[in-house]
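Student: A structural model of the following input is requested.
(chains A and B)
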2 protein chains.
Amino acid sequence: MIEPRTLPGFMELLPNEQILFEQIKQKIEKTYQKFGFLPLDTPVLELSEILLAKAGGETEKQIYRFQKGDTDLSMRFDLTVPLAKYVAKNYGNLSFPFRRYQIGKVYRGEKAQKGRFREFYQCDIDVIGDGELDIINDAEIPSVIYSLIKELGFEDFTICINNRKILNGLFESLNQKENSVQIMRVIDKIEKIGADKVKEELEEIGLSKEEVDKIIDFITIQGTNSEKLAKLESLGIENENFKKGLEELSTVVKYVKVFGVPEENLKVDLTIARGLDYYTGTVYETFLNKYRELGSICSGGRYENLAEYYTDKKLPGVGISIGLTRLFDKLNELSLIKAEKYSMADVLIIPMLEDMTKPIELANELRKNDLNTEIYLNDKKIKAKFKYADKLKIPYVIVIGEDEINSNQVKIKNMETGEETLVSMNAEEIVKSIKYKV
Amino acid sequence: MIEPRTLPGFMELLPNEQILFEQIKQKIEKTYQKFGFLPLDTPVLELSEILLAKAGGETEKQIYRFQKGDTDLSMRFDLTVPLAKYVAKNYGNLSFPFRRYQIGKVYRGEKAQKGRFREFYQCDIDVIGDGELDIINDAEIPSVIYSLIKELGFEDFTICINNRKILNGLFESLNQKENSVQIMRVIDKIEKIGADKVKEELEEIGLSKEEVDKIIDFITIQGTNSEKLAKLESLGIENENFKKGLEELSTVVKYVKVFGVPEENLKVDLTIARGLDYYTGTVYETFLNKYRELGSICSGGRYENLAEYYTDKKLPGVGISIGLTRLFDKLNELSLIKAEKYSMADVLIIPMLEDMTKPIELANELRKNDLNTEIYLNDKKIKAKFKYADKLKIPYVIVIGEDEINSNQVKIKNMETGEETLVSMNAEEIVKSIKYKV
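Tutor: Below you'll find the model as predicted:
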């Protein structure tokens, strides 16, 4: 006998939780579809040569990579690299801007620890332009985030926005261009480690006290979004990148409002740099205000060139990603999400008869009327059958025994309230009584 | 530069095809839900020790198996073994009968050839009993298959049904019990290789001519389902297994009809044995009558004990599986399936303005009214924008330029018919005009 067990870092849920998970996943998918994003499904396995064209360092160490026959294979570690391959491969068959969503599992062999997953769902959208992509696309993304987080049931959240060109321009104006990636990595941590520690780390990189102060002053600019933008303007930094970034950010902030995102849900946050090197313009992070400790639950940004490793075509894009498995794990732990219903069946028919004909026929009819209907098909005491409905949280139960057959009437029991409704044993009547409630 | 390519045997679709695939997948899922099956999602990766507890021979050779650190890992090759592990592991937390569906990718490193996939979706349902599971559950399964194939748009199909106990009983009565698995494998091929070749192969196993004739007579019994059952009865074979199997099959055939499956869609077929060794009772195969060459598109059966490698609990079950990737590939190739719609967006708004405010605001409103709405956000000639709508098969287009702003009216263009409807630039009116058509 082998002990049945699941690998650490691999989520596997009980049915009630799985139902909740599916509902969350579906809400995300529906939101993406509402904005016209197209579905994409790519293989979990790819040639290592393809998947690791860019990767290096930490990422590469985490890859599930192996040989099968003569082929060097890897399991995908995100959905962006497969997208890059896909767009480069199918360039001639796609219409641009190519707007796609993908919801799928990715794999990272990280150290196992609570809240970290080795297999997890990413839910991505990206808009890819052919050669160019108007900045207004960057303003639509926060409206997708906004719709999505609202759809998940949250009101009190902040979409933080910044533009990497502003930071880069600042560093250039300080003659620190070659250190910019390093500096941004440090800045990105200000929320976690505080301003003093950031100062320290910046000095370690080799910046003067004056330069460090300038950077800190800059990233701690206060005020409303328009006040921040005005202050940035008033700094008078004569750097092309800086100016371009400020212009982009101003356009995005203006249009995000038009896209229906309320002022209080959008915050220009100059500390956000996103650790990844490949963002080149707008960057996003999203926080639940009461649960900052969850970190950003939806992040992304603008990149200059999606698929440079696979094609000469210039393919700029903007996108976001949600790490659904971790998010679900946290929200579920904190009881911050509830399912609309916790059972797949709307109604359970409990036969208390030798001959199952009538119960089965009724179930057929209910299903034809779009009620998810289950029949308890095994020979048990009635108590056990009700317990089953109860444990599965099936909202309605109909018992059919000799009495019901003789009277041609059934009681529909509401399992939550205990209330019973007597109706004719007739699909139409039963549907009328149940359908508008489930 | 690396040539962007996808591994052979791994399906990757263009957007229009992907939309169709998603719709088929969703129809299968909805059907499973309609019968109250619960969703399950298990890891793609498992410990090899778990996944290969039973496997051997051909299966084992096809496994994607590798070492990561000290851990011996395998990618799942079906959804049944993970189910067995799951039920054994969570036995105390599940309600029985445990009815679950799972739709997910599985991996088999088969020889690459047309129509064979190394990564493919399986869509499974299983009903698992705790200790026992009434035979009537076997009669519900064909009604799920029936609903599902109808839902996919087919009318002319046959669900073939048999019971392994009948065959086993026959072999026992011929004193060929020890050869039964081998004999069944040969019989299973009668459709493909014909009766003469089956005779030949049976003789090679060591059966006498007389025994072979008995078997052939038996598996070629003709007539309606009830005629076949009557003939089996009249054979007077005095074997417990045979009698039990015949009784089960009779009960199942009787109840399948009650479950709403028409006579013409169910056929008792005594040649069906299913290659797999682990079925012990009812077995199913499903054929599109005009496309027998596709083979069975939905198969399964009853097994005595799901999880014997992981638990002492006896867990009998019955289930079916659809190999969706291969099925989709074939149906798509033969143009036998059509999407309900080929675009995610119901409407594309084409702005012909500097200021995007009005078009964006209108899109927000349409989305609030549950219309999937996309705005063409890039600066292109109007012709290019219409071409985009056309290629993406978006059914409706609304152009918004200066004239529309001034008149506060827009034309809704039906992209299929070319028809244009003039309405006020007002979400309610537009929704009224479009919504009931998409």
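Student: who's sitting farthest from the centroid in chain A?
Tutor: No residue in chain A sits farther from the centre than A:Asn406, which is 53.3 Å out by CA atoms, centre = their mean.
Student: Can you show me the CA trace of the strand or helix carrying that one as PDB?
Tutor: Using DSSP states H and E, A:Asn406 sits in helix A:402-407. The C-alpha trace of helix A:402-407 is given here as PDB (Å, rounded to 0.1, in the frame of the first residue of the first chain):
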ATOM      1  CA  GLU A 402     -45.400   6.000  -2.200                       C
ATOM      2  CA  ASP A 403     -47.300   8.900  -0.800                       C
ATOM      3  CA  GLU A 404     -46.000  11.300  -3.300                       C
ATOM      4  CA  ILE A 405     -46.800   9.000  -6.200                       C
ATOM      5  CA  ASN A 406     -50.300   8.400  -4.900                       C
ATOM      6  CA  SER A 407     -51.100  12.100  -4.300                       C
END
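Student: So which bits of the next helix-or-strand element following that helix are buried?
Tutor: As assigned by DSSP H and E, the chain's next helix or strand after helix A:402-407 is strand A:409-414. Across strand A:409-414, burial judged by 16 or more other CB atoms under 10 Å in any protein chain shown covers A:410, A:412-413. For every residue, glycine as well, the C-beta is placed using N, CA and C.
Student: to the chain's geometric centre, what's the distance from strand A:409-414?
Tutor: 41 Å (CA atoms, centre = their mean, to the nearest Å).
Student: name the helices or strands packed onto that strand?
Tutor: strand A:396-400, strand A:420-424, helix A:427-435 (3 or more CB pairs under 8 Å, 6 or more residues apart in numbering or on different chains; DSSP states H and E).
Student: from the chain's centre, how far out does the first one sit?
Tutor: Which is strand A:396-400. 38 Å.
Student: what sits up against it?
Tutor: A:346-353, A:358-359, A:362, A:382, A:386, A:389, A:410-415, A:425, A:430, A:434, A:437-438 (CB atoms under 8 Å, 6 or more residues apart in numbering or on different chains).
Student: List only buried entries from these.
Tutor: A:346-352, A:358-359, A:362, A:386, A:389, A:410, A:412-413, A:415, A:425, A:430, A:434.
Student: Identify the residues contacting A:Leu38.
Tutor: Applying CB under 8 Å, 6+ apart, the residues near A:Leu38 are A:98-101, B:15, B:18-19, B:343-344, B:392.
Student: give me that answer again for 10 Å
Tutor: Contacts of A:Leu38 were listed using CB atoms under 10 Å, 6 or more residues apart in numbering or on different chains, and they are A:32, A:94-95, A:98-102, A:125, B:14-16, B:18-19, B:22, B:343-345, B:374, B:392.
Student: which residues does it bridge with?
Tutor: A:Arg100 (DSSP bridges).
Student: which stretches of the stretch 101-250 of chain A form helices?
Tutor: Secondary structure of the stretch 101-250 of chain A by DSSP state H, counting those that start in this stretch: the helices cover A:136-151, A:164-173, A:180-187, A:190-193, A:195-205, A:209-219, A:225-234, A:240-258.
Student: ok, whatever residue of the stretch 51-200 of chain A ends up closest to chain B - contacts?
Tutor: The minimum distance from the stretch 51-200 of chain A to chain B, using CB to the nearest CB, falls at A:Phe66 (3.4 Å). Shown in contact with A:Phe66 (CB under 10 Å, 6+ apart): A:45, A:48, A:72-75, B:64-68, B:73, B:75.
Student: Wasn't it part of a strand?
Tutor: Yes. Counting by DSSP: H, G, I helix; E, B strand; the rest coil, A:Phe66 is located in a strand.
Student: what's across from it in the sheet?
Tutor: As for beta bridges, A:Phe66 partners with A:Leu73 under DSSP bridges.
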